[in-house]
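Student: How does the following fold in three dimensions:
(2 chains, ligands or ions: 2)
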Amino acid sequence: MLNLKDVHVHIGKLHILQGVNLQVKPGECAALLGRNGVGKTTTLRAIMGLARRSGGTVEFEGFDLASCEPHEIPRRGVGYVPQGRGIFPNLTVLENLCIGLPGRRDLEREEYVFGCFPRLEERLKQSGGTLSGGEQQMLALARCLMMRPKLIILDEPTEGIMPRLVSQIRREIHRINQAGVSILLVEQNVETALKLCPRVFLMEKGAIVYNGTAHELKSKPEIVRRYLGLSKQ
Amino acid sequence: MEKLFLLAMNGLIWGLIIALIALGLAIIFGLLDIINLAHGDFFMVGTVLAWATLQSTGSFWLAFIVAPFIGFILGALIQQVVIQPIRNTAMLSIVATFGLSLILQESVRITYGPTPGRILPPIQSTIHLFGVDYEVYRLFAAVVAILALGGFFLFLQHTKLGTWMRAVRHDREIAVAMGIPAGRVYILTFAIGFALAALGGVVAAPITTVDFRGGVDILPFCFMAVIIGGLGNLPGTAAAAVLLAFVEGVIQSVTDPTVARIASLVLMSAVLLLRPQGLFKGLTR
Ligand SMILES: Nc1ncnc2c1ncn2[C@@H]1O[C@H](COP(=O)(O)OP(=O)(O)OP(=O)(O)O)[C@@H](O)[C@H]1O
Ligand SMILES: [Mg+2]
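Tutor: Ligands and ions are numbered 1, 2, ... in the order given. As a prediction, this is how the structure comes out:
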């Protein structure tokens, strides 16, 4: 479904991604793990066409994403939940939700999304900036669901969110995946990632250094320790 | 007393027209990070287009449609030819738009001519207000400006493109990742900015002169409105334009225009010292 082959990204003189190879199969839930600053966010930005690639290809359903404009990528079925949530604080919750839709609203889809996140429905007219961190994260996820994505890529969706909401967000991600949407999840929290995602990629200095199942990884604590350092166990 | 009323009213109405022009300047700055030194000339082009429409069709009223339309097209072209190549470079934008300003002025000087002209108000009658015979056209100009301002804010709050403009202003990259064609939003923003200034030019044409340097005085006034209103605060910009022109009008009733201009510069400095975030920051989202 999603296929990254030898993706390179340079920012200025820095060689940030040094040949990333990564595949997500239809319906799969994959995690991308790695220490701070190894290039996880840059990998996702390269998928979304936001970071210019200096080499390699990104294919989605057999289609080379480089051949379309970055703003067309979401319409092809790739949803993005950016690190730090990236909601628009100056827009209302409803405007945030409908921002990427071709028409003004999609009531049928809204019903589904509010089923997942009932808190949002109570706050439609409120501006995005007045939501709590956890609610903003739900909004970011809901906004991406509105576009009926086939694949969602999430960048640290539970970063800096209170534990009670973390488990709700985790549960929703699982449910979305169960409904047939593929997931690529970037996480710092190894425990969350291994619980949610059967497939795991480990990243180090701009390249994938390990690719295996969560089950395998659990039996190899030395790898986890080596590439993720002192991450919470 | 009559003089005070007259100049205060003139100032108020002039302020409403300036508000239209300053709004264009503010959205171009807010979205594209472009300090547009040619913005006064967009206004001037509007006055010339009003004159040209009157000459060629005999109807001034037609200019209310023709000038903003041509302004819109010119804005869309200029964005792609001049602004797009230097995107996100504030320093270059100053040089490029200064060049653009000269090109617009010289083009008008060659075609329209170097001598300032006048357009007679299409409504000649006056109305008796507070002991003064006040020109009805000026009242009409105020109504047009208020309608255009209101229309612009409705557009910004209630249309898809308006929402996109607000989203791109906040974060271009995330807007793109949500499927917003940011490049097209930039073109349309610049085009709307030009169209607003051109409309301001048409409205103002019968109460000022049609002159290839007609934008030169307008530009600093618009910048003052943008700064006093709080950078990026559009309702604040409009309110500041009206306030500034009104204050200048009132001061002009007791001294000469130069002193009035100095007074508004002092006002701006005071605002920047006491409320560097702008007079109206925090009152709107
Ligand atoms: N715009 C930029 N300019 C310069 N360096 C950058 C830029 N964006 C990213 N980098 C560098 O690229 C490297 C990878 O960054 P990236 O954000 O992809 O890391 P990450 O794995 O997502 O980290 P984190 O877990 O902290 O979010 C970092 O060393 C970072 O400093
Ligand atoms: Mg990151």
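Student: Compute the first-to-last residue distance for stretch B:166-186.
Tutor: Using CA to CA, to the nearest Å, the end-to-end distance of stretch B:166-186 comes to 11 Å.
Student: do that stretch and ligand 1 meet?
Tutor: No - counting by CB under 6 Å from any ligand atom, ligand 1 is not contacted by stretch B:166-186; separation bottoms out at 10.5 Å. From N, CA and C alone the C-beta is placed, and that goes for glycine too.
Student: mean confidence for that stretch?
Tutor: Across stretch B:166-186, the average pLDDT comes to 94.
Student: which other helices and strands contact the longest helix along chain B?
Tutor: What stands out as the longest helix in chain B, according to DSSP state H, is helix B:2-32. On a contact count with 3 or more CB pairs under 8 Å, 6 or more residues apart in numbering or on different chains; DSSP states H and E, helix B:2-32 meets helix B:39-57, strand B:132-135, helix B:136-158, helix B:160-170, helix B:182-204, helix B:218-229, helix B:234-252.
Student: winner for burial among those?
Tutor: Mean neighbour count, computed with mean count of other CB atoms under 10 Å in any protein chain shown, is highest for helix B:182-204 among the helices and strands packed on helix B:2-32, reaching a mean of 26.
Student: just to revisit the earlier point, kindly reformat the helices and strands packed on helix B:2-32 as TSV containing distance to ligand 2.
Tutor: As requested, those are arranged in TSV below (distance: least, CB to the ion, whole Å):
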stretch	distance to ligand 2
helix B:39-57	39
strand B:132-135	62
helix B:136-158	33
helix B:160-170	20
helix B:182-204	22
helix B:218-229	35
helix B:234-252	33
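Student: Same list (the ones you listed) but as JSON lines, adding distance to residue B:124.
Tutor: Compiled in JSON lines, the helices and strands packed on helix B:2-32 are given as follows (distance: least, CB to CB, whole Å):
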{"stretch": "helix B:39-57", "distance to residue B:124": "14"}
{"stretch": "strand B:132-135", "distance to residue B:124": "8"}
{"stretch": "helix B:136-158", "distance to residue B:124": "8"}
{"stretch": "helix B:160-170", "distance to residue B:124": "38"}
{"stretch": "helix B:182-204", "distance to residue B:124": "17"}
{"stretch": "helix B:218-229", "distance to residue B:124": "26"}
{"stretch": "helix B:234-252", "distance to residue B:124": "23"}
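Student: out of these, nearest to residue A:154?
Tutor: With CB to CB as the measure, helix B:160-170 is the member of the helices and strands packed on helix B:2-32 nearest residue A:154 (20.2 Å).
Student: List of residues touching the helix or strand following the closest one?
Tutor: Per DSSP states H and E, the first helix or strand lying C-terminal to helix B:160-170 is helix B:172-177. Among residues not part of helix B:172-177, those counted as contacts by CB atoms under 8 Å, 6 or more residues apart in numbering or on different chains are A:48-50, A:70-71, A:73-74, A:80, A:82, A:86, A:88, A:99, B:164, B:167-168, B:182, B:185.
Student: Please repeat the previous calculation with a cut-off of 7 Å.
Tutor: Outside helix B:172-177, the residues within contact range by CB atoms under 7 Å, 6 or more residues apart in numbering or on different chains are A:48, A:50, A:70, A:71, A:74, A:80, A:82, A:86, B:167, B:168, B:182.
Student: Please list all residues in contact with the fifth one.
Tutor: With contacts taken as CB under 7 Å, 6+ apart, residue A:74 has the following neighbours: A:80, A:100, A:147, B:177, B:178, B:179.
Student: Next: the fourth one.
Tutor: By CB under 7 Å, 6+ apart, the residues touching residue A:71 are B:176, B:179, B:180, B:181, B:182.
Student: Report the closest residue of chain A relative to ligand 2.
Tutor: In chain A, no residue comes nearer to ligand 2 than residue A:41, which is 3.1 Å away by CB to the ion.
Student: That residue touches residue A:153, doesn't it?
Tutor: No - using CB atoms under 7 Å, residue A:41 is not in contact with residue A:153, being 10.5 Å away.
Student: how about low-confidence regions in chain A?
Tutor: Low-confidence segments of chain A (pLDDT under 70): A:229-233.
Student: Quick check, central residue of it?
Tutor: residue A:154 (1.4 Å; CA atoms, centre = their mean).
Student: Am I right that that one sits in a helix?
Tutor: No - counting by DSSP: H, G, I helix; E, B strand; the rest coil, residue A:154 is not found in a helix; it is strand.
Student: can you tell me how far it sits from ligand 1?
Tutor: 12 Å (CB to the nearest ligand atom, to the nearest Å).
Student: Any figure for the gap between residue A:149 and residue A:181?
Tutor: Between residue A:149 and residue A:181 the computed distance is 6 Å (CB to CB, to the nearest Å).
Student: cool, and residue A:148?
Tutor: From residue A:148 to residue A:181 the distance is 9 Å (CB to CB).
Student: Who has more neighbours out of these two?
Tutor: Each of residue A:148 and residue A:181 has its neighbours counted (other CB atoms under 10 Å in any protein chain shown); residue A:181 has more, 21 against 14.
Student: Now do the same contact list for that one.
Tutor: So residue A:181 contacts A:149, A:150, A:151, A:152 (CB under 7 Å, 6+ apart).
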